[in-house]
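Peer 1: model this:
(one chain, ligands or ions: 1)
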Amino acid sequence: MGSLPRPAVAPSSPSKHNAARALIPVLLLSLPIVALLFHCAYHSYECGHHSVDRFHGLEPAVPFPPIDGLAAHTFLYVASYGGSVTTLKLSRGTNTAAASWGLEPVAYTEGCAGSPSWLTLDATNSVLYCTDEGLTTGSEGSLSSFSTIEDGSLVRLANVRTVFGPVSAAVYGKHGKGLAVAHYGGSALSTWDVEDPSTITAVQTRLFKMAQPGPNPSRQEAPHPHAAIMDPTGQFILVPDLGADLVRIYAVRDGELRLTEREPLFVAPGSGPRHLAFADKGDKTFLYLVTELGNTVVGYEVSYDAESIAFEQVWTSGIHGKGKDVPAGGAASEIIVSPDSNFLILSSRNESSLELSNVDPSDITSDPLINFAIDPKTGHLNLLQEVACGGRGPRQFSMNKAGTLVAVALQDDGRVVVMERNVETGELGGLVAHAEIDGEVTAVIFNE
Ligand SMILES: *[C@@H]1O[C@H](CO)[C@@H](O)[C@H](O)[C@H]1NC(C)=O
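Peer 2: Alright, predicted model coming up:
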């Protein structure tokens, strides 16, 4: 394709990053400004609103209600394997005829370089955690904490070395004092004391081993924890392990950062569990697991008993829904549940099954977001729609608090798109804004 302009927010390369690292303590505050000045000076056409017209013709079939959920300062933090974390400001003009959305870079940091893979926001404490997967060294990763500033900039507080391959992190503990990190490449789960986010200290590191490779030996030659996610009660951390075909379960105990291992949840051999999401329906709790190698979504009803958590399988289907095939080469990635727990959305990569036409100057090939309604009684999934997510390789995506917007990180296209969502019907609508980012985009999250 190569259709859209690619306004790299700021140039970044490994060598530049090494030099920059030494200067970071000094230049931290000025970097975003310098980066922006540079950017705007050389790409002035990109420093205004540039998002709407290009996605002309993508209006949803059903008109969407006005978005009232947009906070005055809605920022998106974007991680890229290019070495950067970029802050984009999402805004909406008052011109109501054609909603004029803007998505503009306002800050930039290389404080999580070399290969930022995941972002976790502790909104209560205004701290952003970023994992560097370590792909530039191949031997160890790192974990950084940043103070989130009101102008969108990020001021790094700490950076610690970790086991190789961190790809996901979750805040846990009664007052958000612990951070659990899943290491894909390093076959590990590590935990960190982040009571003071400027002095991150190690609590535990668990290294996992397998006696023999799994059914998919090229991907399951070793355990590969792919995520660390807290359950809705805050009492358990769940760690889907793509290599070992299980979800590792850990109990969080009051006043303790050390996690206690529980019986894992075993899943279909060779399926490769990647990510999961909970639907907390009040009287019932469901858990949905997406598998990357099997391209399935598996649902469980969750029950709690004293200090234990149990799972009863209530659903399994391919990622496109019951009775629907997954295109050859498809690779499921992210799964999220809407804030009202009524809808589930997952993404698949390498399908290139959809086309966005009328995108000036040419069409865009896109992978899908697949949208389901959750049956509140049975936990079954009813396919609602499949939509083009705005490009190729939707590795991760997230929703704003109101559930009115979805932001998608497109790894293969170096792009972030924002699309509208109807909170009542759960339907995803047209793309309202996009931004091109230097490098492979790995994660995008809201800070409202
Ligand atoms: C993408 O899909 C094609 C088949 O359509 C497959 O040959 C290829 O291995 C897939 N690539 C990845 C990275 O999974």
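
Peer 1: How much space separates V326 from L289?
Peer 2: 16 Å (CB to CB, to the nearest Å). C-beta here means a position set from N, CA and C on the backbone, and glycine is covered the same way.

Peer 1: whoops, F278 was the one
Peer 2: From F278 to L289 the distance is 10 Å (CB to CB).

Peer 1: which non-adjacent residue is nearest G393?
Peer 2: D412 (3.2 Å; CB to CB, 6 or more residues apart in numbering).

Peer 1: Next, that neighbour: secondary structure please.
Peer 2: The three-state label given to D412 by DSSP: H, G, I helix; E, B strand; the rest coil is coil.

Peer 1: surely it meets S366?
Peer 2: No - contact between D412 and S366 fails when scored by CB atoms under 8 Å: they sit 10.5 Å apart.

Peer 1: Quick check: neighbours shared by these two?
Peer 2: Common neighbours of D412 and S366, using CB atoms under 8 Å, 6 or more residues apart in numbering, are G391, R392.

Peer 1: higher neighbour count, these two?
Peer 2: Remark: of D412 and S366, S366 carries more neighbours, 27 against 17, as counted by other CB atoms under 10 Å.

Peer 1: Now that one: phi and psi?
Peer 2: phi -140, psi 150 (degrees, to the nearest 10).

Peer 1: which ones are touching it?
Peer 2: Counted by CB under 8 Å, 6+ apart, S366 has contacts S352, S353, L354, E355, L356, A388, C389, G390, G391, R392.

Peer 1: cool, G426 as well?
Peer 2: Listed by CB under 8 Å, 6+ apart, the contact set of G426 reads S338, N342, F343, N371, A373, L384.

Peer 1: nearest spatial neighbour of the first one, skipping sequence neighbours?
Peer 2: Ranked by CB to CB, 6+ apart and with sequence neighbours excluded, the top spatial neighbour of S338 is G403, at 5.1 Å.

Peer 1: Could you check stretch 353-370 against the ligand for contacts?
Peer 2: No - Stretch 353-370 stays clear of the ligand (CB under 6 Å from any ligand atom), getting no nearer than 10.2 Å.

Peer 1: what comes up buried for that stretch?
Peer 2: Under the neighbour-count criterion of 16 or more other CB atoms under 10 Å, stretch 353-370 has L354, L356, V359, I364, T365, S366, D367, P368, L369, I370 buried.

Peer 1: Just want to check the distance between the residue nearest to S338 and the ligand.
Peer 2: The spacing between G403 and the ligand, counted by CB to the nearest ligand atom, to the nearest Å, is 31 Å.

Peer 1: That residue: neighbour count?
Peer 2: 18.

Peer 1: what do you get for the one 10 residues further on?
Peer 2: D413 is surrounded by 26 other residues when neighbours are defined as other CB under 10 Å.

Peer 1: Not including adjacent chain positions, what is the nearest residue to it?
Peer 2: That would be G391: by CB to CB, 6+ apart, it lies 3.7 Å from D413.

Peer 1: was I right about that neighbour contacting I364?
Peer 2: Yes - if you go by CB under 8 Å, G391 and I364 touch, sitting 6.2 Å apart.

Peer 1: Now do the contacts for the closest residue to the ligand within the stretch 101-250 of the chain.
Peer 2: The minimum distance from the stretch 101-250 of the chain to the ligand, using CB to the nearest ligand atom, falls at R219 (10.2 Å). The neighbours of R219, taking CB under 8 Å, 6+ apart as the test, are L242, G243, G272, L293.

Peer 1: farthest-separated two in the residues you listed?
Peer 2: G243 and L293 (9.8 Å; CB to CB).

Peer 1: anything in contact with each of those two?
Peer 2: In contact with both G243 and L293: R219, Q220, G272, using CB under 8 Å, 6+ apart.

Peer 1: follow-up on the earlier one: what about the contacts of R219, which one has the most neighbours?
Peer 2: G272 (29 neighbours).

Peer 1: who's in contact with it?
Peer 2: Counting by CB under 8 Å, 6+ apart, G272 has contacts N216, R219, Q220, L242, G243, D245, T291, E292, L293, G294.

Peer 1: okay if I get those residues as TSV plus secondary structure, pLDDT and distance to T136?
Peer 2: As requested, the contacts of G272 are arranged in TSV below (DSSP: H, G, I helix; E, B strand; the rest coil; pLDDT from 0 to 100; distance: CB to CB, whole Å):
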residue	secondary structure	pLDDT	distance to T136
N216	coil	98	27
R219	coil	98	22
Q220	coil	98	25
L242	coil	98	22
G243	coil	98	23
D245	coil	98	30
T291	strand	98	29
E292	coil	98	24
L293	coil	98	26
G294	coil	98	31
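
Peer 1: And the furthest pair within those?
Peer 2: Spatially, the most separated pair among the contacts of G272 is G243 and G294, at 13.4 Å (CB to CB).

Peer 1: pretty sure L354 contacts A388?
Peer 2: Yes - with contact defined as CB under 8 Å, L354 reaches A388; the gap is 3.9 Å.

Peer 1: circling back to that earlier point, among the shared contacts of G243 and L293, which one sits closest to E420?
Peer 2: Among those, and counting by CB to CB, the member closest to E420 is G272, at 32.0 Å.

Peer 1: Pull up the pairing partners for whichever strand or helix holds L289, direction included.
Peer 2: Element membership for L289 (DSSP states H and E) is strand 285-291. Its sheet considered, strand 285-291 pairs with strand 273-280 (antiparallel), strand 296-305 (antiparallel) by DSSP bridges.

Peer 1: so how far is the last one from its chain's centroid?
Peer 2: Strand 296-305 has its C-alpha centroid displaced from the chain centroid by 22 Å (CA atoms, centre = their mean, to the nearest Å).
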